[in-house]
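Would you be able to build a 3D model of this:
(one chain, ligands or ions: 1)
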Amino acid sequence: MAGVFITFEGPEGCGKSTQVARLAERLRDEGYDVVTTREPGGTPAGEAIRGILQHDTAGEDICAETETLLFEASRAQLVRHVIRPAIERGAIVLCDRFADSTTAYQGYGRGFDVEALLQLHAFALGETEPKLTLLLDIDVEEGFRRLQSRNAETQTGLDRMERESRAFHQRVHDGYLAMADRWPGRFSVVDGNRAPEAVHADIWNLVLKAIRER
Ligand code: T5A
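Predicted structure coming up:
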């Protein structure tokens, strides 16, 4: 049986990573073959790209065009080396961010033409599309409150994207909702403002439905 490809999306601090870990553990307990991965990253080349994108390692400003192409490059590698092989062997693939993040951040956030970005995605992805995209919707301010308390605990600062203005992050947020309206068959919007258990309960039901429909 073919696998199921599920992506997690949302604004900063929406709780994706927490939910991916929780869902993966529960699915594994139920006997499913589960692969978790993330963007940017998930392959050696992708993780190297992640370092450039998040921390300006060379101390050089990354221009928005380079940023966009680096996200797509990381994605092209991840699709061919991790996601497709896992789907072909029948695994449930959970990916923390995917192409919709580029549409949200570089399209709605930075202002690049969304239709042009969709063409870039087509080049990077080929036929590989998520069956289900879980959009964890959260108020921008609440997301940043969570990031600040996490960063205080781990003694880390905000990364390059997190330092963008609140107006930028509001555009990202609103862009995600516009995408959910545009592709209602693939997107499910989950209220991420609630406690982790309540968010997980909704995700669990949506994922089981997607698995049964494969
Ligand atoms: N990006 C990415 C682009 O611009 N274009 C692209 O194409 C792609 C792929 C990636 C950055 O790159 C951008 C988007 C991002 O800015 P990242 O470090 O991978 O950076 O960061 P994020 O994907 O944003 O993921 P994070 O791990 O930082 O945040 P999450 O996944 O939203 O949240 P999570 O689960 O780590 O939780 C954050 C904090 O909140 C708590 C957690 O314990 C944690 O402390 N929390 C909750 N608190 C209360 N209630 C809940 N329900 C909670 N859930 C989690």
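
ok, G126 - contacts?
Counting by C-beta atoms under 8 Å, 6 or more residues apart in numbering, G126 touches V79. C-beta here means a position set from N, CA and C on the backbone, and glycine is covered the same way.

repeat that with 10 Å
By C-beta atoms under 10 Å, 6 or more residues apart in numbering, the contact set of G126 is A76, V79, R80, R84.

Narrow the residues you listed to those that are buried.
A76, V79, R84 (16 or more other C-beta atoms under 10 Å).

could those go into JSON lines alongside secondary structure?
What follows is the buried ones among the contacts of G126, written out as JSON lines (DSSP: H, G, I helix; E, B strand; the rest coil):
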{"residue": "A76", "secondary structure": "helix"}
{"residue": "V79", "secondary structure": "helix"}
{"residue": "R84", "secondary structure": "helix"}
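
Would you point out the helix or strand in the chain whose mean pLDDT is lowest?
Least confident element among the helices and strands of the chain, by mean pLDDT, DSSP states H and E: helix 44-55 (a mean of 92).

And it, what's buried?
For helix 44-55, burial by neighbour count (16+ other C-beta under 10 Å) applies to G46, I49, R50, I52, L53.

So which of those is the closest to the ligand?
Distance to the ligand, by C-beta to the nearest ligand atom, is smallest for L53 among these, at 6.5 Å.

Please verify my assumption that the closest one contacts R160.
Yes. L53 is within contact range of R160, at 7.1 Å (criterion: C-beta atoms under 10 Å).

which residues do the two both contact?
I62, E67.

Can you pull up the residues of the protein that come close to the ligand?
12-18, 39-40, 71, 97, 101-102, 105-106, 146, 150, 161, 195-196, 199 (C-beta under 6 Å from any ligand atom).

among these, which are in helices?
K16, S17, T18, F71, S101, T102, R146, R150, P196, V199 (DSSP state H).

Do you know the pLDDT at the first one?
I take that to be K16. In this model, K16 is scored at 98, pLDDT.

Pretty sure it sits against L134.
Yes. Contact criterion C-beta under 10 Å: K16 and L134 qualify, at 8.2 Å.

Can you check which residues contact both of these two?
By C-beta under 10 Å, 6+ apart, the residues touching both K16 and L134 are T7, F8, E9, G10, L94, G192, V199.

from the residues you listed, which is closest to A24?
L94 (5.8 Å; C-beta to C-beta).

Could you list the low-confidence segments of the protein?
Residues of the chain meeting the criterion pLDDT under 70: 56-58.

go again using 50 as the cut-off
Judged by pLDDT under 50, the chain has no weakly predicted residues.

can you give me the strands for it?
Remark: strands assigned in the chain by DSSP state E are 4-9, 34-38, 92-96, 132-137, 187-191.

Take these and lay them out in CSV including distance to D174 and mean neighbour count.
CSV is the format used below for these (distance: least, C-beta to C-beta, whole Å; neighbours: other C-beta atoms under 10 Å):
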stretch, distance to D174, mean neighbour count
strand 4-9, 14, 25
strand 34-38, 24, 20
strand 92-96, 21, 23
strand 132-137, 11, 22
strand 187-191, 13, 18
